[in-house]
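Chemist: got a sequence here, can you build the structure:
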Amino acid sequence: MVHALLQIVTVALGSPLGREVAPREIGSLFAGRLAHRAGLTSDDCRLMVACGAGAGLAAVYTVPLGGAVFVLEVLLGTFAPRAMIVALVTSTIAAIVAWSGLGNEQQYLVPAFYSNGPLLIWAAVCGPLFGLAALGFVKLTSSARAQAPRGLKLVVWSIVNFTAIGALVIVFPQLAGNGKGAASLSFDGSLTIALAAVLLVLKVAIESSSLRAGAEGGLLTPGLTNGALLAVVLGGVWSLFFPTLAPGACALVGAGAFLAASMQMPLTAVVLIVEFTHADHNLLYPLLLAVARSVMTIRAMPAVLACMRHLRVRAEIPEKQVEHSNV
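Modeler: Next comes the predicted model:
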């Protein structure tokens with residue numbers, strides 16, 4: 001509970017991290033306690049804890065289907081009918097309760113985009129780039145979390161970090177918050193290539209610095225935003241040679257591809273993008289293609305790196321044998 005409250009405080013202070021972790025943790029905590037008091041079996045308790053976390057996600061973003069798929073794909077790793085029914089019911093109830101208090105507002109207002117041949121080709125070509133970028137982002141943020149200070153140092157680092165972020169926001173107001181503003185600008189095509197590139201570098205920097213300073217929060221919206229900004233850059237460069245792409249459509253596709261790879265949840269990412277933006281179903285074709293390519297890339301990288309290390313070792317062995325024979 002203390003961990004969740006710390007996340008709420010840091011997000012309220014303007015943290016660049018996501019706000020979805022605290023509701024998930026609180027939801028799973030209460031679900032676990034209720035399940036334990038009800039005398040449920042260990043398997044049922046595990047199911048209810050996972051559904052509590054999914055309900056928290058569904059409530060904070062009003063994404064009932066996204067919350068349910070998150071439970072099944074990420075937390076439970078199964079789409080068994082029983083788990084599916086419970087996940088759908090709990091996430092839907094949570095979203096309805098949130099609607100009654102906060103209203104059923106669309107997270108991102110985007111223009112009507114349609115799939116076409118050039119966008120499909122761009123998604124296929126750039127999909128692996130989002131996977132590689134997501135891999136670098138995961139390694140950077142994981143390292144930052146591992147080096148987070150404790151005790152008094154945490155307070156000092158946090159003050160310095162948030163002061164620096166405040167100074168940057170004065171110059172680049174698009175950096176404010178968890179990235180929703182920058183993502184919205186990407187979706188409606190308001191960013192130039194240069195500005196998107198600058199915002200991408202700064203967003204990744206302040207996200208990692210906040211984790212390094214000990215701030216708590218999620219990486220769902222930050223990952224989505226990073227993908228959208230990277231897509232504006234890649235789509236803009238592509239349009240210099242093939243000027244038929246809509247920057248906003250690229251941003252939407254890239255956001256899903258980066259989010260899917262960085263959090264290893266392809267199905268959840270696709271569902272969240274659709275629920276966040278109410279995108280036209282035609283856009284699912286390039287979105288699914290980019291997501292598949294990015295996730296395949298990030299999952300193949302460990303094997304590729306291991307193969308490269310093996311080849312490098314084999315190449316070094318003959319050299320050492322030659323040196324030994326010369327001696």
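
Chemist: who are the contact partners of A215?
Modeler: A215 makes contacts with T10, S15, L17, S158, N161, as judged by CB atoms under 8 Å, 6 or more residues apart in numbering. Bear in mind the C-beta positions are built from the backbone N, C-alpha and C, glycine included.

Chemist: am I right that it is in a strand?
Modeler: No. The assignment for A215, made by DSSP: H, G, I helix; E, B strand; the rest coil, is coil rather than a strand.

Chemist: from S210, how far off is R19?
Modeler: To S210, R19 is 13 Å away according to CB to CB, to the nearest Å.

Chemist: more neighbours, the two?
Modeler: Just comparing R19 and S210: by other CB atoms under 10 Å the higher neighbour count belongs to S210, 27 against 21.

Chemist: ok, back up a step: find residues that contact each of R19 and S210.
Modeler: Common neighbours of R19 and S210 (criterion: CB under 8 Å, 6+ apart): G217.

Chemist: so who does the spatially closest residue to M265 that is not a sequence neighbour touch?
Modeler: Counting by CB to CB, 6 or more residues apart in numbering, V74 is the residue found nearest to M265 once chain neighbours are left out, at 5.0 Å. By CB under 8 Å, 6+ apart, the contact set of V74 is M263, Q264, M265, T268.

Chemist: which of the residues you listed count as buried?
Modeler: M263, M265, T268 (16 or more other CB atoms under 10 Å).

Chemist: could the residues you listed go into JSON lines alongside secondary structure?
Modeler: Converted to JSON lines, these look like this (three-state DSSP):
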{"residue": "M263", "secondary structure": "helix"}
{"residue": "M265", "secondary structure": "coil"}
{"residue": "T268", "secondary structure": "helix"}
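
Chemist: switch those over to TSV; also include pLDDT.
Modeler: Converted to TSV, these look like this (pLDDT from 0 to 100):
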residue	pLDDT
M263	93
M265	94
T268	96
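
Chemist: okay, the residues you listed in CSV with distance to V171 next?
Modeler: CSV is the format used below for the buried ones among the contacts of V74 (distance: CB to CB, whole Å):
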residue, distance to V171
M263, 30
M265, 34
T268, 35
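
Chemist: where do the helices sit along the stretch 101-250 of the chain?
Modeler: With DSSP state H, counting those that start in this stretch as the criterion, the stretch 101-250 of the chain has helices at 117-146, 152-171, 180-187, 193-212, 220-241, 247-263.

Chemist: now the two most distant members of the contacts of A215.
Modeler: Using CB to CB, the two most remote members of those are L17 and S158, lying 12.2 Å apart.

Chemist: the two - which one has more neighbours?
Modeler: A count of neighbours by other CB under 10 Å puts L17 above the other of L17 and S158, at 25 against 19.

Chemist: if I look at the more buried one, how far off is P222?
Modeler: Computed with CB to CB, the distance linking L17 and P222 is 6 Å.

Chemist: for the closest residue to A260 other than its chain neighbours, give me phi and psi.
Modeler: Spatial nearest neighbour of A260, excluding adjacent residues (CB to CB, 6+ apart): A269 at 3.6 Å. In terms of degrees, to the nearest 10, the main-chain angles of A269 are phi -60, psi -40.

Chemist: please name the residues that touch A269.
Modeler: Applying CB under 8 Å, 6+ apart, we find A269 in contact with G256, A257, L259, A260, M263, V291.

Chemist: can I get these in TSV with distance to L199?
Modeler: TSV is the format used below for these (distance: CB to CB, whole Å):
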residue	distance to L199
G256	19
A257	18
L259	17
A260	21
M263	21
V291	23
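
Chemist: most neighbours of all the residues you listed, which one?
Modeler: Busiest of the contacts of A269 [other CB under 10 Å] is A257, holding 37 neighbours.

Chemist: got the contact list for that residue?
Modeler: Neighbour list for A257: 123, 126-127, 130-131, 227, 231, 269, 287, 290-291, 293-294 [criterion: CB under 8 Å, 6+ apart].

Chemist: domain ranges for the protein?
Modeler: The chain is divided into the following domains under automatic domain parsing: 2-102, 117-302.

Chemist: weakest of those domains by average pLDDT?
Modeler: Lowest mean pLDDT within the domains of the chain: domain 2-102, a mean of 87.

Chemist: max pairwise distance over the contacts of A257: which two?
Modeler: Within the contacts of A257, C126 and A269 form the most distant pair, 15.8 Å apart (CB to CB).

Chemist: ok, back up a step: what residues are shared contacts of L17 and P222?
Modeler: N178, E207.

Chemist: quick one on the thing from earlier: nearest to P64 among the contacts of V74?
Modeler: Nearest to P64 among the contacts of V74, counting by CB to CB, is T268 at 12.8 Å.

Chemist: for the closest one, which residues are in contact?
Modeler: G66, V69, F70, E73, V74, A260 are the contacts of T268 under CB under 8 Å, 6+ apart.

Chemist: let's see it at 6 Å
Modeler: Contact analysis of T268 by CB atoms under 6 Å, 6 or more residues apart in numbering lists V69, F70, E73.

Chemist: all good on my end, thank you.
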